[in-house]
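> Sequence first, predicted model second:
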Amino acid sequence: MTAQPVQTKARKATRRTLTSISEIKTAAEAELVRWTPEEVIDAKLLPYKSARVLKQKCYSREVFHHNDGGRITFTIDDIRRQNEHMAVVPEKTRRATALAA
């Protein structure tokens, strides 16, 4: 039995990253996936240009997100809620609602 070398550096946490939405098999599995800001930007799930801008919006609590252990992550529900939040209501629909009330 030989002595194992002492590891001097801390290991990085390894996790399987999803590179595309097509890798998610079922809807139930999609609900459990947590996306990093970089993955959200790469997949163009939210209309921001860089992960840094998205993180700053999260820090100022302008975007729906989770703080998992101090790390910003997004669920599919967060992304849906943010997209609904940014939607523009057509003027005709707004007028019809106001007249009906």
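Received it, and whenever you're ready, just let me know what you need. Numbers count the residues shown, from 1 in each chain.

> who are the neighbours in contact with residue 46?
Residue 46 sits next to 40, 54, 63, 79, 82-83 when contact means Cβ atoms under 8 Å, 6 or more residues apart in numbering. C-beta coordinates here come from the backbone N, C-alpha and C atoms, glycine included.

> quick one: which of those is nearest residue 31?
residue 79 (11.5 Å; Cβ to Cβ).

> Just the element for that closest one, please.
helix 76-85 (DSSP states H and E).

> mind listing what's buried in that helix?
For helix 76-85, a neighbour-count test (16 or more other Cβ atoms under 10 Å) marks 76, 78-79, 82 as buried.

> repeat for stretch 34-48
If you call a residue buried by 16+ other Cβ under 10 Å, then stretch 34-48 has these buried ones: 34-37, 39-41, 45-46, 48.

> Just the ones in strands from those, please.
In strands, judged by DSSP state E, none of the buried residues of stretch 34-48 are found.

> okay, and for the protein, where does confidence drop off?
Residue ranges of the chain with pLDDT under 70: 1-25, 27-28, 93-96, 101.

> Tell me which stretches of it form strands.
Using DSSP E, strands in the chain cover 66-68, 71-73.

> Compare those strands and report which one is nearest to residue 26.
strand 71-73 (20.0 Å).

> Which strands and helices lie in contact with that closest one?
strand 66-68 (3 or more Cβ pairs under 8 Å, 6 or more residues apart in numbering; DSSP states H and E).

> change it to 10 Å
Packing contacts for strand 71-73, counted by 3 or more Cβ pairs under 10 Å, 6 or more residues apart in numbering; DSSP states H and E, involve helix 37-43, helix 51-59, strand 66-68.

> So what are the sheet partners of it and their directions?
Its sheet considered, strand 71-73 pairs with strand 66-68 (antiparallel) by DSSP bridges.

> buried sites along the strand it pairs with?
Under 16+ other Cβ under 10 Å, strand 66-68 has no buried positions.
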